[in-house]
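**Student:** Prediction below, plus the sequence it came from.
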Amino acid sequence: MRLTRRDFLRLGGLTAVAAGTAGCRVVGRELNQNELPEVLTVPAASNLSSQAANPVRRLLNRAGYGPAPGEVARVSRLGLAAYLEEQLNPEAIDDTANDLIARHQHLYQMDASLLLEQEPSDATIELIGSTFMRALCSKRQLYEAMVEFWSDHFNIYLRKEPVMPLAKIVDDREVIRPYALGNFRDLLGASAKSPAMLLYLDNISNEKRHPNENYARELLELHTLGVDGGYSQQDVQEVARILTGWTVARRGRLRGQHVFDKEKHDFGEKWVLSQSFPAGRGEEEVAELLDLLASHPATANFLATKLVRRFVADEPPAALVAQVADAYLQSGGEIKSMLRVIFLSETFATAPPKLKRPHTYMVSVLRALHVDFRLGRGRAIADWMQVMGQPLFLWPPPDGYPDVSAAWAANLLPRWNFALALLHNGIPGATVPLEELLAAGRVETTDAAIQLFAGLIYGRSLQEHELILFTDYIGSRTVQNDEAQSRLRDCIALMLAGPEFQWT
């Protein structure tokens, strides 16, 4: 028997789903828009007690991609502060699974000139697949979360040019990942030399006779000072002049690498933010510009606001933003210093719910159920990301995917269908180890099976009125037969689709 709309809506009482009229049409393994209950709204805090009241689960959900089986217990023993320090020092974490993924990234091993000879579509799939797998498997969860944060901050759209996926692999390998938890000035400098960034924001065509302001504008507005950072259009023009000749080699032994072409550089005097850049200097004035921008208080405030929005609240509390900005300035731009202030703050501990973005949702589902996902299945992941609205590295404007719940709350239908497809083995390369999980939990009854998965997904046991909805639907005292297991899979999918899992 299949899950019907009536069954779905009846079980939806557990997950605070608002329903319209209840028909009897068979839903099967996929819902369509007409069968979807009304859009989930943010649940009351009382309905998120398992997430908000458990500080370990909150940290694992916000500073990473959600707990895997056994991880809540480990972090509880270790302590929140000790776990945070562990995560802030990823190089000390034994991460065998992640290292194995890296060894299978064939394109990642190539230098820039050889990489440019490869097929861009292969690079797209490898980049998306490996990014997803690292988030799923890595023990360096905060590091991977910061890789995603900086990939949005220094957003690069893969379809800008045919060669872009190949260049983005270099950017991921040599810019984002090496500095994700380092010093912001180092990260900014690496990004400023990224061929992918210079190509994406058109600085390859920025020369003294025909200045191009695109990268200069985004460097100020999106990468450092912020739109309200106190710069003028004149500053944008002057920054563009400083960046003339800052380009990418198109031929020769340096093909595909950043170079400074002095023939295209404007050597005249410039003024940026009331600071003089004397005439007659070349690429060294770019370094001086980046020093100026990275040390500016507006940059500290802009970065602090974005980090607090990502990890704490859609409306960043001003007091916490000020504390994080001060940590940035006092430490000389150390990213770890900002994160310590955020995750150890009372504001973080009592923050309002945030809706998981699609990428986080997908990874957290697979982590919660210890799903076996095979390398080389990046295309299947890319397809689901596309449907959910967050295909990795495919946000066209330079501001990166939005970080507020409202941007994602109207497109939850694909999440329901993803959960149903996953539980019924409809996603190539992904297998839910249902029998292994039941065996590990020594489960014999239907009640115990439901409570096992409630623990994995919600971190709590269901109350009696919640439990009975599921057990009545399964209709069997045990889950040993195929029909009962199929219905159990429906119930697990519904738990994953509910607001208690989607909001953290």
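**Tutor:** The structure has been received and is ready for your questions. Numbers count the residues shown, from 1 in each chain.
**Student:** thinking residue 223 is in contact with residue 188, fair?
**Tutor:** Yes: contact criterion CB atoms under 8 Å: residue 223 and residue 188 qualify, at 6.6 Å. Bear in mind the C-beta positions are built from the backbone N, C-alpha and C, glycine included.
**Student:** higher neighbour count, these two?
**Tutor:** Legend: neighbour count by other CB atoms under 10 Å for residue 223 and residue 188, higher for residue 223 (26 against 22).
**Student:** shared neighbours of residue 223 and residue 188, anything?
**Tutor:** Counting by CB atoms under 8 Å, 6 or more residues apart in numbering, the shared contacts of residue 223 and residue 188 are residue 293.
**Student:** All the helices of the stretch 401-504 of the chain, in order from the start?
**Tutor:** Taking DSSP state H, counting those that start in this stretch to define them, one finds helices in the stretch 401-504 of the chain at 413-423, 434-440, 446-458, 464-474, 482-497, 499-502.
**Student:** Pull the residues that contact stretch 417-428.
**Tutor:** Contacts for stretch 417-428 (CB under 8 Å, 6+ apart): 3, 29-31, 362, 365-366, 371, 377, 380, 384, 387-388, 430-432, 486, 489-490, 492-494, 496-497.
**Student:** Narrow those residues to just the buried residues.
**Tutor:** For those, a burial check counting by 16 or more other CB atoms under 10 Å picks out 3, 29, 31, 362, 365-366, 371, 377, 380, 384, 387-388, 430, 432, 486, 489-490, 492-494, 496-497.
**Student:** ends of stretch 99-112, how far apart?
**Tutor:** 21 Å (CA to CA, to the nearest Å).
**Student:** contact partners of that stretch?
**Tutor:** Counting by CB under 8 Å, 6+ apart, 115, 118, 122-123, 126, 130, 133-134, 137, 166-167, 169-170, 173, 195, 255-257, 375-376 sit against stretch 99-112.
**Student:** for it, which positions count as buried?
**Tutor:** 101, 105, 107, 108, 110, 112.
**Student:** how does this protein divide up, domain by domain?
**Tutor:** With domains defined by automatic domain parsing, the chain comprises 5-78+355-502, 94-294, 297-349.
**Student:** of the contacts of stretch 99-112, buried ones?
**Tutor:** Buried members of the contacts of stretch 99-112, scored by 16+ other CB under 10 Å, are 115, 118, 123, 126, 130, 133-134, 137, 166-167, 169-170, 173, 195, 256.
**Student:** Pick out the most distant pair among those residues.
**Tutor:** 137 and 256 (30.0 Å; CB to CB).
**Student:** The spatially most central residue of the chain sits in which helix or strand?
**Tutor:** With distances taken as CA atoms, centre = their mean, residue 148 lies nearest the centre of the chain, 4.3 Å away. Using DSSP states H and E, residue 148 sits in helix 141-153.
**Student:** In terms of secondary structure, what does that helix contact?
**Tutor:** helix 80-87, helix 120-137, helix 297-311, helix 335-343 (3 or more CB pairs under 8 Å, 6 or more residues apart in numbering; DSSP states H and E).
**Student:** ok, and what's touching the helix or strand following it?
**Tutor:** For helix 141-153, the following helix or strand on the C-terminal side (DSSP H and E) is helix 164-171. Contacts to helix 164-171, defined as CB under 8 Å, 6+ apart, come from residues 107-108, 112, 115-116, 118, 120-121, 123-124, 126-127, 154, 156-158, 191, 194-197, 199-200, 256, 393.
**Student:** Run through the residues that contact the residue lying closest to residue 277 once chain neighbours are set aside.
**Tutor:** The shortest distance from residue 277 to any non-neighbouring residue, by CB to CB, 6 or more residues apart in numbering, is to residue 270 (4.2 Å). Residue 270 makes contacts with 238, 241, 242, 276, 277, 285, as judged by CB under 8 Å, 6+ apart.
**Student:** Show me what the fourth one bridges to in the sheet.
**Tutor:** Read it as residue 276. residue 271 (DSSP bridges).
**Student:** My read is that it contacts residue 269, right?
**Tutor:** Yes: judged on CB under 8 Å, residue 276 makes contact with residue 269 at a distance of 6.8 Å.
**Student:** Give me the residue ranges of the stretch 201-350 of the chain where confidence is low.
**Tutor:** Within the stretch 201-350 of the chain, no stretch falls below the threshold (pLDDT under 70).
**Student:** Leaving out chain neighbours, which residue sits closest to residue 254?
**Tutor:** Using CB to CB, 6+ apart, the nearest residue to residue 254 is residue 113, at 8.0 Å.
**Student:** Now do the helices in the stretch 1-150 of the chain.
**Tutor:** Ranges of helices within the stretch 1-150 of the chain are 5-11, 49-52, 55-62, 71-78, 80-87, 96-103, 112-115, 120-137, 141-153, based on DSSP H, counting those that start in this stretch.
**Student:** ok, and the closest non-adjacent residue to residue 407?
**Tutor:** Nearest to residue 407 is residue 401, by CB to CB, 6+ apart, at 7.9 Å.
**Student:** And for residue 72?
**Tutor:** Nearest to residue 72 is residue 56, by CB to CB, 6+ apart, at 5.3 Å.
**Student:** so how far is residue 308 from that neighbour?
**Tutor:** Look at residue 56 and residue 308: by CB to CB, to the nearest Å, they are 21 Å apart.
**Student:** out of those two, which sits in the busier spot?
**Tutor:** Taking other CB under 10 Å, residue 56 and residue 308 do not tie; residue 308 has more neighbours (26 against 20).
**Student:** So what's the residue count around the nearest residue to the more buried one once chain neighbours are set aside?
**Tutor:** Excluding the flanking residues, the one nearest residue 308 by CB to CB, 6+ apart is residue 316, at 3.9 Å. Applying other CB under 10 Å, we find 20 residues neighbouring residue 316.
**Student:** how far away is residue 310 from residue 338?
**Tutor:** Distance of residue 310 to residue 338, given as CB to CB: 11 Å.
**Student:** correction: residue 81
**Tutor:** Between residue 81 and residue 338 the computed distance is 16 Å (CB to CB).
**Student:** Comparing residue 276 and residue 269, which shows the higher neighbour count?
**Tutor:** In terms of neighbours (other CB under 10 Å), residue 269 is the more surrounded of residue 276 and residue 269; the figures are 13 against 9.
**Student:** so the nearest residue to that one once chain neighbours are set aside, which of the three states?
**Tutor:** Closest residue in space to residue 269, ignoring its immediate chain neighbours: residue 279 at 4.2 Å, by CB to CB, 6+ apart. Using DSSP: H, G, I helix; E, B strand; the rest coil, the structure places residue 279 in coil.
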